[in-house]
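In: dropping a prediction and its sequence here:
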Amino acid sequence: MTQKPLPTGAGVLATTQPLPDYGKAPELSREDRLRWYRLMFLTRKFEERSYQSYQTGLIGGFCHLYNGQEAVAAGTFAAITDADPVITAYRDHAHGLMRGIRPGPAFAELYGRATGVVKGKGGSMHYFNVDKQMYGGHGIVGGQTALGLGLAFATKYLGEKKVCFCYMGDGAVNQGAFHESLNLAQLMKIPVIYVIENNMYSMGTAVERHSAPVELYKRALGYDMMGVRAEAQDFDLVRQVSWTLAERARKENMPAILELMTYRYRGHSMSDPQYYRSKDEVEEYRKHDPVEILRGRILSEGTVSEKDLDKLEDEVRKEVQESHEWALASPYPAQSEIYTDIYA
Ligand SMILES: Cc1ncc(C[n+]2csc(CCOP(=O)(O)OP(=O)(O)O)c2C)c(N)n1
């Protein structure tokens with residue numbers, strides 16, 4: 001692997017155009033900071049439990065874990081509001097949990113139970129919470145990029161001054177639907193931010209083996225669009241750059257690509273022997289863990305004691321365990337439900 005973007009603390013690494021100066025993102029209250037830390041920690045523990053559940057056969061089908069990427073979902077979501085629509089691909093547990101899906105229905109969905117967030121019929125790849133403007137959970141690589149454009153178009157058409165954050169992996173940049181979406185977004189000035197979660201690999205294929213230009217934010221150049229590359233393991237840095245682009249989208253109806261340099265600790269899905277990378281590489285990235293970085297920052301600010309943070313983490317561990325048990329005690333969908341809510 002030639003790309004080695006380990007965090008330097010710089011935040012923004014490169015842009016295709018000068019970034020507008022909207023100043024600092026509004027300060028988060030102590031409570032809000034803790035809430036985001038809690039959501040990142042909850043996502044981490046939820047997925048560790050999911051990993052175990054997969055090993056013991058409780059989960060069928062695909063299951064893509066987000067360990068290592070948590071500051072992307074948290075930092076971008078913390079820059080917008082729950083009224084702004086979001087949409088992502090199949091690596092969607094964090095986006096779902098951070099947009100209000102309770103861990104109980106989230107586990108129940110993985111276990112195929114009727115109490116699951118989409119009634120046990122979607123599984124890991126199809127978390128939705130439309131009440132909180134979370135529109136999936138999509139299995140077709142790049143498919144959500146056109147849908148995200150549509151969500152953003154709708155908010156502009158209705159004059160709502162919202163922005164849509166549309167998430168994708170680095171592998172999705174090569175899909176035709178993405179390029180068609182970029183053209184329309186810039187041409188029609190649609191407030192969509194395409195967040196490329198560059199975790200260095202598309203399944204087992206490293207970026208430099210699947211994309212001719214390895215600087216993926218430069219895909220924006222072909223469309224006269226703003227493209228930004230930024231570090232992604234630090235919640236606060238992610239939030240700042242996301243806020244700037246969200247402000248620009250709201251005030252000027254301008255789309256952008258935001259390439260966030262991150263890393264996933266686990267394999268692509270659950271049956272990945274990971275021959276394409278070394279254990280040392282994974283360990284190197286684990287030293288810059290997004291959950292640990294935010295934890296350390298909160299403690300250094302002195303607004304919360306280590307004891308209180310330990311207590312919060314214990315509560316989350318308990319919630320995860322209880323949610324897992326609740327989901328396991330839930331029934332499977334009734335046979336009579338087999339054709340409801342199914343489109344294909
Ligand atoms: C159109 C399409 N082609 C192929 C696949 C098979 N596939 C599933 S995930 C994946 C890799 C995508 O990698 P990336 O976009 O980098 O996202 P990541 O898994 O790293 O989050 C592929 C090729 C698919 N789901 N959809």
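Out: Nice, thanks for sending it over. Computed from a predicted structure; not experimentally measured.

In: which residues does residue 15 bridge with?
Out: Using DSSP bridges, the beta-bridge partners of residue 15 come out as residue 228.

In: which bits of the stretch 201-344 of the chain sit near the ligand?
Out: Contacts of the stretch 201-344 of the chain with the ligand, taken as Cβ under 6 Å from any ligand atom, map to 201, 202, 203, 268. For every residue, glycine as well, the C-beta is placed using N, CA and C.

In: out of the residues you listed, which is most surrounded?
Out: Sorting those by how many neighbours each has (other Cβ atoms under 10 Å) puts residue 201 first, at 23 neighbours.

In: for whatever residue of the stretch 51-200 of the chain ends up closest to the ligand, what are its contacts?
Out: Per Cβ to the nearest ligand atom, residue 169 is where the stretch 51-200 of the chain lies closest to the ligand, at 2.0 Å. Going by Cβ atoms under 8 Å, 6 or more residues apart in numbering, residue 169 touches 89, 91, 141, 196, 197, 198, 199, 202.

In: SS state for the fifth one?
Out: Put simply, residue 197 is strand when judged by DSSP: H, G, I helix; E, B strand; the rest coil.

In: dump whichever strand or helix holds residue 280 to PDB, restricted to CA.
Out: For residue 280, the element it lies in under DSSP states H and E is helix 279-286. Presented in PDB, the C-alpha positions along helix 279-286 are these (Å, rounded to 0.1, in the frame of the first residue of the first chain):
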ATOM      1  CA  LYS A 279      -1.100  -7.300  10.800                       C
ATOM      2  CA  ASP A 280       1.500  -4.600  11.400                       C
ATOM      3  CA  GLU A 281      -0.400  -2.200   9.200                       C
ATOM      4  CA  VAL A 282      -3.600  -2.700  11.100                       C
ATOM      5  CA  GLU A 283      -1.800  -2.200  14.400                       C
ATOM      6  CA  GLU A 284      -0.300   1.000  13.100                       C
ATOM      7  CA  TYR A 285      -3.700   2.400  12.400                       C
ATOM      8  CA  ARG A 286      -5.100   1.200  15.700                       C
END
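
In: and that helix, what's its mean pLDDT?
Out: What helix 279-286 shows for mean pLDDT is 93.

In: please tell me how far it is from the chain's geometric centre.
Out: Centroid separation for helix 279-286 versus its chain: 21 Å, with Cα atoms, centre = their mean, to the nearest Å.

In: which stretches of the stretch 201-344 of the chain have low pLDDT?
Out: 344 (pLDDT under 70).

In: of all the residues in it, which one is nearest the ligand?
Out: residue 202 (3.5 Å).

In: how about the contacts made by that residue?
Out: Applying Cβ under 8 Å, 6+ apart, the residues contacting residue 202 are 169, 170, 171, 210.

In: take those and keep only those in helices.
Out: Cross-referencing the contacts of residue 202 against helices under DSSP state H gives residue 210.

In: may I see the ChimeraX selection of the buried members of the contacts of residue 202?
Out: To isolate the buried members of the contacts of residue 202 in ChimeraX, using 16 or more other Cβ atoms under 10 Å:
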select :169,170,171
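
In: where does the residue positioned nearest the centre of the chain land on pLDDT?
Out: Per Cα atoms, centre = their mean, the C-alpha nearest to the average position across the chain is that of residue 73, at 3.8 Å. Looking at residue 73, its pLDDT is 98.

In: these two touch, right, it and residue 96?
Out: No: here residue 73 lies out of contact with residue 96, judged by Cβ atoms under 8 Å, at a distance of 9.3 Å.

In: then residue 312 would be within a strand, right?
Out: No: under three-state DSSP, residue 312 falls outside any strand and is assigned helix.

In: so for the longest helix seen in the chain, mean pLDDT?
Out: Identified as the longest helix of the chain according to DSSP H is helix 30-55. Helix 30-55 shows a mean pLDDT of 97.

In: same for it, what does it pack against?
Out: Using 3 or more Cβ pairs under 8 Å, 6 or more residues apart in numbering; DSSP states H and E, the elements in contact with helix 30-55 are helix 70-77, helix 93-98, helix 103-110, helix 290-301, helix 306-328.

In: run the angle between that helix and helix 306-328 for me.
Out: Put simply, helix 30-55 runs at 40 degrees to helix 306-328, going by axes from the mean of the first three to the mean of the last three Cα atoms, to 10 degrees.
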